[in-house]
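Peer 1: Need a 3D model of the following:
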Amino acid sequence: MDQDPFPYDLDRPREACGVFGIYAPGVDVARTTFFALYALQHRGQESAGIATCDGQVAYIHKGMGLVHQVFNEDNLRPLKGHLAIGHNRYSTTGGSHLRNAQPYLIETMHGPLAVGHNGNLTNALRLRQKLLERGVGLISSSDSEVITQMLAAPPPGAGLAKPDWEARLAAFMAEAEGAYSLVILTRHAVYGVRDPLGLRPLCIGRLPENGHAAGYVLASESCALGTIGAEFVREVRPGEIVRLDADGLHAIQAVEPARPPAFCIFEYVYFARPDSVIEGQTVHRVRQRLGETLAREAPADADIVVGVPDSATPAAIGYAIASGLPYTEGLTKNRYIGRTFIQPDDRLRKAGVHLKYNPLRANLEGKRVVLVDDSIVRGNTAGPLVRLLREGGAVEVHVRVSSPPVRYPCFMGIDMARGEELIGYAKTVEEIRQHIGADSLAYLSHQGMMRAVMAELRGEGGHCSACFTGSYPIQLEEWWTAKEKLAFEGIWG
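Peer 2: Predicted coordinates for the structure are as follows:
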């Protein structure tokens, strides 16, 4: 059940997760959270969970699989209350097991505490060790459980009479290193937290009044807001704590960033849904600019432009516009086969990409094709797609990639933590071309990518592009020790 039966999908990097939070009296918060998670499904497909609270008691349901596989009318109905958080997960720390599914919910002396986490703590081993030395038991290998247990204890010097959740969150932020966007549920409020570098996204939305006080929501991406009828307010700022409660929306700047922001550039390249708005610009428009820049940097003598559906479609459209070549569909995608719990037999496994893509021969026959993809990570998909286009009648296939070669692992919440898994780590562009069987191969330059992202950016922006450059925005020494130790102990997923 935890194994992806379609190994050719492994060329796509996986995000850690999507998170959502809501405070809305008079609203069915569990159902609203379900639909928000549905809109954020692309961010995590291994597990899903929802925790709610009615001001006294917390309720939770979570399970392995897609949102619609985990939830139904029977298990949504008991999730009562007026505040909730939800989570979609793809594992980066901790394996794909139910014990690592989120949100984490525990009982504290001040009532329930639930946490949903998107990102990755790079000093998780040290924080984990401190908890164990305090006598705190841990049941999972996830750094998200470490966060939950850290928040359950008051910061040094704090009294026990009443909780000061902002102080606890600020104390956590002072110790935590790495990437985290958090949604936290307590008895009377929902909190949102973003790390001081703003590595992972988090935004705020407002639900319209409908006979009750207006509610507020938190979401990894703005695409979830439209799905539930919420209005985009703004993004949570790096180092900020946001509280949603009976008094509305409140925010405090808990940590003043010591360095420029380092928002993950891969959100623009691949992760985010194209209709999401990030840093004041629509992701689709940025991806189209990436394609336009790619066409100017790496033209091809060809007849048509084809994109790898669906993530590379905007870049392919941009490439076609800038090159003057016609854009057409060359591959059709079976959008319902993505993840299933039914394992294909050996014959179907050998069918490979045919299970997910089919060539459109009428559009490809006798054509020289530019195949635009957003990234080549492990190299498992590009080769079979090139062969598929040739089977469909293409006489030449020129691959163009709307991002630079991925050469370095990521430690901030993307499952690219081993350099040897990356085809760009050891192979030159020419060797990759030979590996995938293309007539030519070219990548967008790093400078071109950054120009395309920054072209219409409102205000100052800062981005992490370490997977392309090897220049990391955080210290990583402890990460290597942590990973080796966890692997040795058998708890690294």
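
Peer 1: Got the confidence number for residue 134?
Peer 2: Among the per-residue scores, residue 134 holds a pLDDT of 90.

Peer 1: Give me the nearest residue to it, chain neighbours excluded.
Peer 2: residue 153 (7.6 Å; C-beta to C-beta, 6 or more residues apart in numbering). No exception for glycine: its C-beta is placed from N, CA and C like everyone else's.

Peer 1: residues near that neighbour, how many?
Peer 2: 15 (other C-beta atoms under 10 Å).

Peer 1: Against residue 113, how distant is it?
Peer 2: Distance, residue 153 to residue 113, using C-beta to C-beta, to the nearest Å: 11 Å.

Peer 1: Now do the contacts for the residue nearest to residue 134.
Peer 2: 134, 136, 168 (C-beta atoms under 8 Å, 6 or more residues apart in numbering).

Peer 1: which one of those is nearest residue 294?
Peer 2: Closest to residue 294 out of those is residue 168 (46.3 Å), distances taken as C-beta to C-beta.

Peer 1: Buried residues of the biggest helix by length in the chain, list them for me.
Peer 2: Looking across the chain with DSSP state H, the single longest helix is helix 283-297. Neighbour-count burial for helix 283-297 flags 283-295 (criterion: 16 or more other C-beta atoms under 10 Å).

Peer 1: thinking again about what came up before, please identify, among the contacts of residue 153, the one with the most neighbours.
Peer 2: Most surrounded of the contacts of residue 153: other C-beta under 10 Å gives residue 168, at 22 neighbours.

Peer 1: With secondary structure and distance to residue 428 added, can I get the contacts of residue 153 in a markdown table?
Peer 2: As requested, the contacts of residue 153 are exported to a markdown table (DSSP: H, G, I helix; E, B strand; the rest coil; distance: C-beta to C-beta, whole Å):
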| residue | secondary structure | distance to residue 428 |
| --- | --- | --- |
| 134 | coil | 50 |
| 136 | coil | 49 |
| 168 | helix | 50 |
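
Peer 1: I'd like to know how far residue 440 sits from residue 380.
Peer 2: For residue 440 relative to residue 380 (C-beta to C-beta), the value is 20 Å.

Peer 1: ok, the residue of the chain most remote from its centre - contacts?
Peer 2: For the chain, the residue at maximal distance from the C-alpha centroid (C-alpha atoms, centre = their mean) is residue 366, at 38.8 Å. By C-beta under 8 Å, 6+ apart, the contact set of residue 366 is 393, 395.

Peer 1: Same check on the one 10 residues further on?
Peer 2: Contact partners of residue 376, counting by C-beta under 8 Å, 6+ apart, are 11, 382, 401, 405, 406, 423, 424, 432, 436.

Peer 1: Mind doing that once more with 6 Å?
Peer 2: When contacts are counted by C-beta atoms under 6 Å, 6 or more residues apart in numbering, residue 376 touches 382, 401.

Peer 1: I'd assumed it was in a strand, is it?
Peer 2: No - applying DSSP: H, G, I helix; E, B strand; the rest coil, one finds residue 376 to be coil, outside a strand.

Peer 1: Quick check: the gap between it and residue 319.
Peer 2: Applying C-beta to C-beta to residue 376 and residue 319 gives a distance of 16 Å.

Peer 1: same question, residue 18
Peer 2: Shown here: residue 18 relative to residue 319, a distance of 29 Å by C-beta to C-beta.

Peer 1: Check residue 391 too.
Peer 2: For residue 391, the distance to residue 319 (C-beta to C-beta) stands at 23 Å.

Peer 1: Please apply the same query to residue 352.
Peer 2: Residue 352 is 26 Å from residue 319, by C-beta to C-beta.

Peer 1: Same question for residue 51.
Peer 2: 44 Å.

Peer 1: how about residue 29, what does it touch?
Peer 2: Contact partners of residue 29, counting by C-beta under 6 Å, 6+ apart, are 22, 52, 84.

Peer 1: Skip the chain neighbours and tell me the closest residue to the first one.
Peer 2: With C-beta to C-beta, 6+ apart as the criterion, residue 22 has its nearest non-adjacent residue at 4.6 Å, and that residue is residue 217.

Peer 1: how many other residues sit next to the one you found?
Peer 2: Neighbour number of residue 217 under other C-beta under 10 Å is 30.

Peer 1: which SSE is it in?
Peer 2: Element membership of residue 217, judged by DSSP states H and E, is strand 216-219.

Peer 1: would you put the C-alpha positions of that strand in PDB?
Peer 2: Extracted in PDB, the C-alpha atoms of strand 216-219 (Å, rounded to 0.1, in the frame of the first residue of the first chain):
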ATOM      1  CA  TYR A 216     -10.100  33.100   8.400                       C
ATOM      2  CA  VAL A 217      -8.100  30.300   6.900                       C
ATOM      3  CA  LEU A 218      -4.400  29.400   6.300                       C
ATOM      4  CA  ALA A 219      -3.300  27.400   3.300                       C
END
